[in-house]
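S.K.: Provide a 3D model corresponding to the input given below.
(one chain, ligands or ions: 2)
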Amino acid sequence: MQASKYNIISKVKDSENYFIVNLLSQEADIITKEESEELLKFNGSINKDFVKRGYIVDPEDESRAFKQRYLEFIDARDTDEIQLFFVPTYACNFACSYCYQDEYGAKHKKLSYELLEAFFTYINQRFAGRKKYITVFGGEPLLNSPEHKKYIETLLLKANANELDVAIVTNGYHLKEYIPILKKGRIREVQVTLDGTARVHNSRRMLRGGKSTFEQIVEGIDETLANNIAVNLRMVIDKENIDELPKLANFAIEKGWTSSSLFKTQLGRNYELHHCQSEGSRLYSRIDMYKDIYELLKEHPHIKQFHKPAFSISKFLFEEGSLPDPLYDSCPGTKTEWAFDYTGRIFACTATVGKAGEELGTFFPEVSHHEDIILEWEERDVLSIDKCRGCALQLACGGGCASVAKNKYGAVNEPDCRPIRELLELGIGHYFNAT
Ligand code: SF4
Ligand code: SF4
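M.R.: Numbering: from 1, shown residues only. Ligands and ions are numbered 1, 2, ... in the order given. Prediction:
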């Protein structure tokens, strides 16, 4: 017998207690310091409770269980819904201070009805029989020209004809003008970004030319909710606007947004993806951002009404009373996520879409695939990445983001380590100490 390879043990933040989480045995407990030491420095003495809970195991049994759960994971993913991003333009009416797409664009090419037709033909063939939906992404997909509006309307009507839902990721500036068009489609949600309340948002997310955008976006959100269309409000966070989180939470509560079942939120970390951000020092590491959010939550508990952070699997464990399935792969790119653009190119996901050298093929004017590169993406999981195989965190981490790994190490089959242990320290502290 030995301590399980998948025990994640650490101290709960702001507590004398420790926690243990084991995604393979699907058990989690709050334990004492002595118990944590007993498991971390396992000396062969058998604690029957720990054996029962899969914290102490027969290594051969554990290896069998690991393989069995892996097969179940692959099978389940084969029936998961696929998210198909479509980029109708890389152009944008905003000049956000941190935009990573500002070097993109193929100005000699334009969206066409022929290309839209080819997109639907392609997805219906390649993903035949799979549950799927489209997410329209940019650049800014809701630009205000009559020609562009017609294209978006056509896309929505074609999605209707194919019984596909559509989500929209927009800066929200022209949302109000687009409502009559959106009402013609099967809109699953509209994702809009506010980076804080008026002054701070306007200093980061302004129109090209510098004009403020906050008021108009807020009107767009009001109008979208009033028309029974779901809104997913995203706040992109770095060190310059983190203090806006309690203020934006207040704003959303006072607006009545947080009491709508059509309203949800997400926090995005502003991070270096493709080219260097001019002011790297304002960027957070993932764990530093969540450490600050943990402190803000203690100081301003109303934030919880606006957003409940996942802190790895802590929120799930708290809300469901059980653990999520083991995560053998956290990167959906080429598995349950693909991205397509108006130039006819195919990419793995939103992190790579539009980036020269990241193309996986074309769907227009002809269909072509770089099968070798696609295969490399498809095979990426914690078993294919050498460094993940011995990692105790693997079934909570899933190997991280292939694009970040490639940017860092030059290949997708490399790790993008997530600070799982530290996130659990915070998350178990936040969700379980408070109760
Ligand atoms: S490469 Fe990164 S951004 Fe793209 S699907 Fe994978 S995890 Fe998501
Ligand atoms: S990416 Fe890093 S933390 Fe995640 S499973 Fe692999 S080695 Fe572990």
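S.K.: which non-adjacent residue is nearest the residue of the chain most remote from its centre?
M.R.: Going by CA atoms, centre = their mean, the residue of the chain most distant from its centre is residue 45, 42.2 Å out. The shortest distance from residue 45 to any non-neighbouring residue, by CB to CB, 6 or more residues apart in numbering, is to residue 38 (7.6 Å). Using the backbone N, CA and C atoms, a C-beta is placed for each residue, glycine as well.
S.K.: how about the residue farthest from the centre of the chain, secondary structure?
M.R.: Judged by DSSP: H, G, I helix; E, B strand; the rest coil, the three-state class of residue 45 is coil.
S.K.: on that earlier part again, doesn't residue 49 make contact with the residue nearest to residue 45?
M.R.: No: counting by CB atoms under 8 Å, residue 38 sits too far from residue 49 to count as a contact (10.9 Å).
S.K.: neighbour count winner among those two?
M.R.: When residue 38 and residue 49 are compared for neighbours, residue 38 comes out ahead with 18 against 10, by other CB atoms under 10 Å.
S.K.: which SSE is immediately downstream of the helix or strand hosting that one?
M.R.: Here residue 38, judged by DSSP states H and E, is contained in helix 33-40. Where DSSP H and E defines the elements, the next helix or strand beyond helix 33-40 is helix 48-52.
S.K.: okay, now the sheet partners of the helix or strand following that following helix, with direction.
M.R.: Sequence-wise, the next helix or strand downstream of helix 48-52 (DSSP H and E) is strand 56-57. Strand pairing for strand 56-57, using DSSP bridges, gives strand 2-3 (antiparallel).
S.K.: so what's the gap between the strand it pairs with and the chain middle?
M.R.: Chain-centre distance of strand 2-3: 34 Å, with CA atoms, centre = their mean, to the nearest Å.
S.K.: identify all contacting residues around it.
M.R.: By CB atoms under 8 Å, 6 or more residues apart in numbering, the residues outside strand 2-3 that reach it are 39-40, 42, 55-57, 59.
S.K.: can you redo those residues as TSV with pLDDT, distance to residue 95 and neighbour count?
M.R.: Below are the contacts of strand 2-3 laid out as TSV (pLDDT from 0 to 100; distance: CB to CB, whole Å; neighbours: other CB atoms under 10 Å):
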residue	pLDDT	distance to residue 95	neighbour count
39	93	53	18
40	93	51	13
42	86	57	18
55	97	53	25
56	97	57	23
57	97	55	23
59	96	57	11
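S.K.: how about these, which pair is most distant?
M.R.: Using CB to CB, those span at most 17.1 Å, a distance reached by 40 and 59.
S.K.: for the helix or strand containing residue 374, packing partners?
M.R.: Here residue 374, judged by DSSP H and E, is contained in helix 371-378. Applying 3 or more CB pairs under 8 Å, 6 or more residues apart in numbering; DSSP states H and E, we find helix 371-378 packed against no helix or strand.
S.K.: which parts of it are buried?
M.R.: Neighbour counts over helix 371-378 (16 or more other CB atoms under 10 Å) mark 373-374, 376-377 as buried.
S.K.: now do residue 387 against residue 227, distance only.
M.R.: Noted for residue 387: a distance of 48 Å to residue 227, by CB to CB, to the nearest Å.
S.K.: tell me if residue 122 really is in a strand.
M.R.: No: counting by three-state DSSP, residue 122 falls outside a strand, being helix.
S.K.: which non-adjacent residue is nearest it?
M.R.: Counting by CB to CB, 6+ apart, residue 122 lies nearest to residue 363, which is 4.0 Å off, once chain neighbours are set aside.
S.K.: which residue is nearest the middle of the chain?
M.R.: Note: the chain centre (CA atoms, centre = their mean) maps to residue 268, 8.2 Å.
S.K.: got the confidence number for that one?
M.R.: pLDDT for residue 268: 91.
S.K.: so who does it touch?
M.R.: Per CB under 8 Å, 6+ apart, neighbours of residue 268: 193, 234-237.
S.K.: who's in contact with stretch 243-262?
M.R.: Against stretch 243-262 from outside (CB under 8 Å, 6+ apart): 194-197, 200-201, 218, 221-222, 225, 228-231, 233, 235, 237, 263, 265, 267, 293, 296, 299-300, 302-303, 305-307.
S.K.: could you do stretch 386-398 as well?
M.R.: By CB under 8 Å, 6+ apart, the surrounding residues in contact with stretch 386-398 are 5-8, 21, 23-24, 312-313, 326-331, 381-383, 399, 413-415, 417-418, 420-421, 424.
S.K.: that one - what's its average pLDDT?
M.R.: 97.
S.K.: does ligand 2 have contacts with it?
M.R.: Yes: using CB under 6 Å from any ligand atom, we find that stretch 386-398 touches ligand 2 at 387-388, 391, 393-394, 397.
S.K.: what's the residue in the stretch 101-250 of the chain that ligand 2 sits nearest to sitting at in phi/psi?
M.R.: Going by CB to the nearest ligand atom, ligand 2 is nearest to residue 237 of the stretch 101-250 of the chain, at 22.1 Å. Backbone torsions for residue 237, taken as degrees, to the nearest 10, come to phi -110, psi 140.
S.K.: same check on residue 194?
M.R.: Per degrees, to the nearest 10, the backbone of residue 194 is at phi -120, psi 130.
S.K.: switch the contacts of residue 268 over to TSV; also include pLDDT, distance to residue 207 and secondary structure.
M.R.: TSV is the format used below for those (pLDDT from 0 to 100; distance: CB to CB, whole Å; DSSP: H, G, I helix; E, B strand; the rest coil):
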residue	pLDDT	distance to residue 207	secondary structure
193	96	14	strand
234	97	19	strand
235	97	19	strand
236	94	17	strand
237	95	22	strand
